[in-house]
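Asks: 3D, please:
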Amino acid sequence: MTGFSDSAQAWSLVAFCTVATITLLLCVMTGPDRDDLDEFYTGYGSLSPLRNGLAIAGDYISAATVLGTGGVIALCGYDGIVLALSTALSLMLLMFLLAEPLRNAGRFTMGDALARRTPGRGARIAACAVTIAALLPLMLVQLAGAGQLMAFLLGFSNESVKTGCVVGIGALMISYAAIGGMKGTALIQILKIVMLLGSGAVVAVLVLHRFDWDPGALFGQAARQSGAGPAFLHSGLQFAGGAAPRLDMISSELTIVLGGACLPHITMRMYTASSARQVRRSMSWAVSCVALFVLVIMVVAVGATALVGSRAIAGADPQGNTAYLLGARAAFGSDISTAETLLFTTVTSAIFLTLLASVAGMILACANSLAHDVFAARVQEMPAPREMALARLSALAIGIPAVLLATLVQHHSLQPLVTLSFCLGASAIAPALVYSLFWRRYTRTGLLCTLIGGSLTVLLLMPGTNLVSGSPVAAFPHADFNWFPFTTTGLVSIPAGFAFGWLGTMACGRHKAEEQRRQYEAVEGWILAGVVRR
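Replies: Residues are numbered from 1 along each chain as shown. Here you go, the predicted structure:
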């Protein structure tokens with residue numbers, strides 16, 4: 001039982017159809033009207049810092065953040081709150097450390113930024129491969145989650161209908177990326193974050209009002225309803241069954257902080273700023289929006305536990321992915337007025353839009369990298385119309401397999417896929433960016449070792465975690481090949497990624513390293529100080 005009335009279900013369906021129609025029209029109206037690469041890849045950098053910041057925040061807050069993090073907060077309390085705060089900290093790290101150098105070094109894709117130091121097709125192909133490997137699992141999570149969410153809201157359980165929802169929504173997302181380009185998807189992200197923050201803030205206020213504006217009463221009731229008692233308000237509940245709970249928690253938080261903001265669909269937004277000053281102001285708005293949303297999701301998710309109870313939340317979904325919606329529904333009480341029904345519809349519309357916009361941004365990042373770093377890099381000067389056509393075809397080439405794979409994984413636990421993306425971001429992409437932007441002696445061999453070695457370490461360790469097997473909520477609950485003692489690979493794979501880059505650079509010898517140092521010093525002021533981009 002979801003507790004949603006027929007009226008709420010009907011309005012949710014209407015809202016989804018309306019959102020899909022309006023956003024597709026926005027993409028058609030704002031998409032590039034001529035064959036111009038700067039317009040398609042960056043929207044000419046025409047967005048103001050506020051709008052660009054909202055778009056960055058929209059890309060950063062995916063459905064996995066809204067539903068997954070909300071579920072961990074609702075079921076695990078303190079550990080989930082630390083997870084949410086780590087999400088905000090990750091974007092702050094990007095803001096202060098990487099955002100401005102990334103904007104200065106790159107042009108369209110992460111491959112541009114990496115190849116600035118180490119020119120050649122090898123670096124670009126490796127960057128494209130890691131981009132797809134890091135974003136494809138997240139795409140599958142969003143697509144499969146779309147079918148499950150619609151089934152939950154609308155009250156159907158037919159597997160064919162769920163699969164149809166996944167396919168239909170996937171087609172929409174591919175259209176957004178192929179038609180709208182960077183500017184079209186940015187407008188969808190802006191609409192999404194405004195709706196998500198607005199509706200979430202109202203629900204959070206209603207939750208606090210139910211407890212007479214006393215956070216202590218809210219958390220106390222949540223602890224009583226959690227089934228864990230005082231442990232709900234202390235660390236360790238999420239990893240209680242592991243071999244080393246403290247180390248497991250450190251590994252998870254490290255992975256999120258280093259990996260979250262380094263994923264390619266986030267870093268590509270740095271290139272849409274027209275100047276270094278613009279990217280700083282954009283990131284200030286983005287961090288503020290994400291921090292506000294973290295507060296909102298904490299209140300709503302804890303409110304869901306206090307008002308509904310963890311048993312009901314876990315009964316609706318073992319991972320707690322429906323906690324945000326259950327908390328929003330419970331905030332209205334037993335008798336829902338027409339105005340409250342419309343507000344709940346706005347909440348569901350924001351979640352639908354989050355699903356649509358998140359995957360559109362990821363498909364766009366993968367398609368841009370495939371077209372620009374792999375196909376266009378093969379020839380000296382590829383004509384702009386041809387490269388744009390390749391980018392649109394690449395959106396199909398990425399999107400169609402993602403939709404098909406999502407229909408296959410929708411019946412399994414999706415948490416391993418989310419963790420895999422963050423681990424790849426933290427273990428391969430983050431070390432490569434840090435070394436490329438700040439280490440003078442970093443070589444092409446070092447870059448390839450970082451990307452390939454970090455990725456392979458994650459892929460080798462991930463099947464041994466308890467997210468894949470060995471627990472009731474694992475992807476394969478009836479199998480047990482769990483040999484790795486942590487939930488994420490970060491504690492091993494992040495140092496390995498940095499170590500591979502260092503070893504690869506040292507293996508090139510002193511002469512090559514000195515040559516690379518001279519090349520870096522020639523562009524150091526440009527990368528670090530914001531000299532006018534060439």
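
Asks: Number of residues surrounding M29?
Replies: By the criterion of other C-beta atoms under 10 Å, M29 has 12 neighbours. All C-beta atoms are positioned from the backbone trio N, CA, C, and that covers glycine.

Asks: tell me the SS of it?
Replies: Under DSSP: H, G, I helix; E, B strand; the rest coil, M29 falls in the helix class.

Asks: Look up how far M283 lies from it.
Replies: Note on M29: its distance to M283, by C-beta to C-beta, to the nearest Å, is 28 Å.

Asks: what do you get for A499?
Replies: 30 Å.

Asks: cool, and I190?
Replies: Distance of I190 to M283, given as C-beta to C-beta: 16 Å.

Asks: Between these two, which is the more surrounded one?
Replies: Neighbours per residue (other C-beta under 10 Å) separate I190 from M283, with M283 holding more: 28 against 21.

Asks: Please identify the buried residues of the one helix or strand that one maps to?
Replies: In the assignment (DSSP states H and E), M283 maps to helix 276-307. For helix 276-307, burial by neighbour count (16 or more other C-beta atoms under 10 Å) applies to 276, 278-283, 285-287, 289-294, 296-307.

Asks: what is the rounded mean pLDDT of it?
Replies: The average pLDDT within helix 276-307 is 92.

Asks: likewise stretch 317-336?
Replies: 81.

Asks: what distance separates it from the centre of its chain?
Replies: The chain centre lies 23 Å from the centre of stretch 317-336; the measure is C-alpha atoms, centre = their mean, to the nearest Å.

Asks: what's the answer for stretch 187-194, then?
Replies: 15 Å.

Asks: Just give me the neighbour total for Q319.
Replies: With neighbours defined by other C-beta under 10 Å, the count for Q319 comes to 18.

Asks: isn't it right up against S413?
Replies: Yes: between Q319 and S413 a contact is recorded at 6.8 Å, counting by C-beta atoms under 8 Å.

Asks: Give me the common contacts of those two.
Replies: Residues touching both Q319 and S413 by C-beta atoms under 8 Å, 6 or more residues apart in numbering: V473.

Asks: A144 and C165 touch, don't they?
Replies: No: if you go by C-beta under 8 Å, A144 and C165 don't touch, sitting 10.0 Å apart.

Asks: Now the longest helix seen in the chain: buried residues?
Replies: Determined from DSSP state H, the single longest helix within the chain is helix 121-154. For helix 121-154, burial by neighbour count (16+ other C-beta under 10 Å) applies to 123-154.

Asks: low-scoring pLDDT stretches of the chain, where are they?
Replies: Along the chain, the model assigns pLDDT under 70 to residues 1-9, 31-36, 43-46, 152-157, 334-337, 380, 529-534.

Asks: quick one: the strands in it?
Replies: With DSSP state E, there are no strands along the chain.

Asks: burial of F332, as a residue count?
Replies: The number of residues packed near F332 is 18, by other C-beta under 10 Å.

Asks: what's the burial count for the closest residue to it other than its chain neighbours?
Replies: What sits nearest to F332 in space, not counting adjacent residues and going by C-beta to C-beta, 6 or more residues apart in numbering, is E340, at 4.5 Å. Number of residues near E340 (other C-beta under 10 Å) recorded here: 16.

Asks: didn't I56 look like it was pressed against M283?
Replies: Yes: assessed by C-beta under 8 Å, I56 is found in contact with M283 at 6.9 Å.

Asks: From V290, how far out is M92?
Replies: M92 is 9 Å from V290, where distance means C-beta to C-beta.

Asks: Could you do T348 as well?
Replies: According to C-beta to C-beta, T348 and V290 sit 22 Å apart.

Asks: now do L396
Replies: L396 sits 31 Å away from V290, going by C-beta to C-beta.

Asks: I132 too?
Replies: Taken as C-beta to C-beta, the span from I132 to V290 is 25 Å.

Asks: Also G504?
Replies: Taken as C-beta to C-beta, the span from G504 to V290 is 34 Å.

Asks: just M95 next, same as before
Replies: 10 Å.

Asks: who touches T457 in this structure?
Replies: With contact taken as C-beta under 8 Å, 6+ apart, T457 is in contact with S427, T489, V492, S493, A496, G497, F500.

Asks: I figured L247 hits T487, correct?
Replies: No: contact between L247 and T487 fails when scored by C-beta under 8 Å: they sit 10.3 Å apart.

Asks: Give me the nearest residue to V523, chain neighbours excluded.
Replies: Excluding the flanking residues, the one nearest V523 by C-beta to C-beta, 6+ apart is R116, at 7.0 Å.

Asks: Thanks a lot, catch you later.
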